[in-house]
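Colleague: Sequence unavailable; structure follows:
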């Protein structure tokens, strides 16, 4: 492990994800936080936004104050469409900086599919091939081949971790998969009221975007990449009246030769070196409570009343394993640190 500290900046430090990211980085023994950037509340201390942060850190500044040549890595926690502008400007002029983008700007490898999904033309098409989609348990050391790191979305993380190993081994059928995912409202960001107009927003459950949710393209792309199969699924997202956490229920058909124990054992084998992935005993009840404020992912494989149909439950914290914690995992992989450093 390198003994040298790396200099980093967090651009978009005051959003929900940015604050969790800053909190975790403030405790990381190999990180020096050089800049915390935002567009509003310039000059304020980060503790104004989050009392959990105890370490003395730089005050909130504009991105214009950043001395890029002094940085090793930049985290971008910005609305979709903004990170690509910054990376396009800085990628070639500051050619040692690594960019970890927590938005969707470099997740979709097809510019036309990106435009269709996000209703916005990609502004750095020539850099897409210089990026890598990085779910750390799957990408491993391959992440070091690129300087633009596309951090996965929270829902897709909870889907890919359980499904990819099982489809690769043909233990489940790759058609008629039903994905029912429920997330705390922090997943919609601080502008929640502008995005969702339904009544009793913070005290009710709400299903939305069943056919055209933007994470569908990301899930399709990565399942095809890793399994070489066209996987047919429905994806049904819900907001629930809690701040953080995701519980994803995945209903799949299995062959006569398969069963919950065989499927559970395959997941245990696949993730045996990945300490953040925790496979429970078969037919275990599962909620998001155990993973809140952690980078853990818990999975339970369960029977249903229908023969040869099982349900796989996957729980993560959307702001940590689904965003900031996963970004730090990726940083640790890039610089040769222990994957778990700063995330215990």
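Modeller: Nice, I can see it. Quantities reported herein were computed from a predicted structural model and do not represent experimental measurements.

Colleague: so how far is the longest helix seen in the chain off the chain centroid?
Modeller: The single longest helix within the chain, with elements called by DSSP state H, is helix 154-168. From the chain centre to the centre of helix 154-168 is a distance of 12 Å (C-alpha atoms, centre = their mean, to the nearest Å).

Colleague: next one: stretch 20-27
Modeller: 16 Å.

Colleague: What is the burial count for residue 54?
Modeller: Per other C-beta atoms under 10 Å, the neighbour tally for residue 54 reads 10. (Glycine included, C-beta is placed from N, CA and C.)

Colleague: now it: how far from residue 23?
Modeller: 9 Å (C-beta to C-beta, to the nearest Å).

Colleague: ditto for residue 66
Modeller: Distance from residue 66 to residue 23, by C-beta to C-beta: 21 Å.

Colleague: swap in residue 128?
Modeller: 31 Å.

Colleague: what's the answer for residue 161, then?
Modeller: Distance from residue 161 to residue 23, counting by C-beta to C-beta: 24 Å.

Colleague: same thing with residue 259?
Modeller: For residue 259 relative to residue 23 (C-beta to C-beta), the value is 42 Å.

Colleague: got a list of what residue 242 touches?
Modeller: 184, 185, 288 (C-beta atoms under 8 Å, 6 or more residues apart in numbering).

Colleague: do residue 55 as well
Modeller: So residue 55 contacts 26, 27 (C-beta under 8 Å, 6+ apart).

Colleague: which stretches of the stretch 201-344 of the chain form helices?
Modeller: 215-227, 260-270, 325-334 (DSSP state H, counting those that start in this stretch).

Colleague: for those, which one sits closest to residue 313?
Modeller: Among the helices of the stretch 201-344 of the chain, helix 260-270 comes nearest to residue 313, with 11.7 Å by C-beta to C-beta.

Colleague: Residues contacting that closest one, please?
Modeller: Counting by C-beta under 8 Å, 6+ apart, 162, 165-166, 169, 171-172, 254, 277, 279, 281-283, 299, 301-303, 310, 312 sit against helix 260-270.

Colleague: now with 10 Å?
Modeller: 137-138, 161-162, 164-166, 168-169, 171-172, 252, 254, 258-259, 277-284, 299-304, 310-312 (C-beta atoms under 10 Å, 6 or more residues apart in numbering).

Colleague: what is the mean pLDDT for it?
Modeller: Regarding helix 260-270, the rounded mean pLDDT is 98.

Colleague: And for stretch 300-315?
Modeller: The model assigns stretch 300-315 a mean pLDDT of 97.

Colleague: Give me the buried positions along it.
Modeller: 300, 301, 302, 310, 311, 312, 313, 314, 315 (16 or more other C-beta atoms under 10 Å).

Colleague: ok, so of these, who is nearest residue 206?
Modeller: residue 315 (19.6 Å).

Colleague: Might one say that that closest one is in contact with residue 284?
Modeller: No. The pair residue 315 / residue 284 is not scored as a contact, 11.0 Å apart, by C-beta atoms under 10 Å.

Colleague: Need the overlap of contacts for the two.
Modeller: What both residue 315 and residue 284 touch, as defined by C-beta under 10 Å, 6+ apart, is the set 298, 299, 300.

Colleague: Mind checking which of the residues you listed are in strands?
Modeller: 298, 299, 300 (DSSP state E).

Colleague: what would those look like in JSON lines with distance to residue 122?
Modeller: JSON lines is the format used below for those (distance: C-beta to C-beta, whole Å):
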{"residue": "298", "distance to residue 122": "35"}
{"residue": "299", "distance to residue 122": "34"}
{"residue": "300", "distance to residue 122": "38"}
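
Colleague: can you count the residues close to residue 149?
Modeller: Residue 149: 26 neighbours (other C-beta under 10 Å).

Colleague: Then the one 5 residues further on?
Modeller: A count of nearby residues for residue 154, using other C-beta under 10 Å, gives 28.

Colleague: got it, and residue 50?
Modeller: By other C-beta under 10 Å, neighbour count at residue 50 equals 17.

Colleague: all numbers from here: first residue = 28
Modeller: All right, first residue 28 from here; so that's residue 77.

Colleague: Which element, helix or strand, includes the nearest residue to it once chain neighbours are set aside?
Modeller: Using C-beta to C-beta, 6 or more residues apart in numbering and skipping residues adjacent in sequence, the residue nearest residue 77 is residue 46, 4.5 Å away. Under the criterion of DSSP states H and E, residue 46 resides in helix 43-53.

Colleague: Packing partners of that helix?
Modeller: For helix 43-53, the packing partners by 3 or more C-beta pairs under 10 Å, 6 or more residues apart in numbering; DSSP states H and E come out as strand 33-38, strand 58-64, strand 100-103, helix 352-361.
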